[in-house]
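Participant: what would the 3D arrangement of this be:
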Amino acid sequence: MEIFQFDRGERIVERYGSRGLRATRVAAGTGQVGVTCLAVAPGGVIGTHPATGPQLFLVIAGQGWAAGPDGERVPVNAGWGVRWDAGEIHTSGTEAGFIALAVEGGPLDLFEPESPEPS
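Facilitator: Next comes the predicted model:
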């Protein structure tokens, strides 16, 4: 077992007009999958850019919005995620601040929701 902190905010990112964004590379496997922790400060934006590969954007704390190629901002809160295909133009931001995990690599297919088991 190895215990580690993944919200270290190691790298300030300003590419594509991003602001208030700190990224920490968390892990990568021998295949094509990598995990990055993204901490976006209140009022911050991850600038509009194409996905380098299939990507899951999983909000684990806070709230904000995400937009695809049409630019329509859709609210996302902790416990919700977004999937973008390779090359898909996207952006996200927040008024309150959020932390998200970006899982990149592929292909990334979503599972269908399961019915909760009775208690």
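Participant: shouldn't Ile99 be within a strand?
Facilitator: Yes: assigned with DSSP: H, G, I helix; E, B strand; the rest coil, Ile99 falls within a strand.
Participant: and the strands in the chain?
Facilitator: 11-13, 19-28, 34-50, 55-67, 74-77, 81-84, 89-93, 98-104 (DSSP state E).
Participant: can these go into a markdown table with extra columns for mean pLDDT and mean neighbour count?
Facilitator: (Each C-beta comes from the backbone N, C-alpha and C, glycine too.) Converted to a markdown table, these look like this (pLDDT from 0 to 100; neighbours: other Cβ atoms under 10 Å):
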| stretch | mean pLDDT | mean neighbour count |
| --- | --- | --- |
| strand 11-13 | 93 | 13 |
| strand 19-28 | 92 | 16 |
| strand 34-50 | 97 | 18 |
| strand 55-67 | 97 | 19 |
| strand 74-77 | 98 | 14 |
| strand 81-84 | 96 | 18 |
| strand 89-93 | 98 | 20 |
| strand 98-104 | 96 | 21 |
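Participant: closest one to Pro113 among those?
Facilitator: Closest to Pro113 of these is strand 81-84 (Cβ to Cβ; 12.3 Å).
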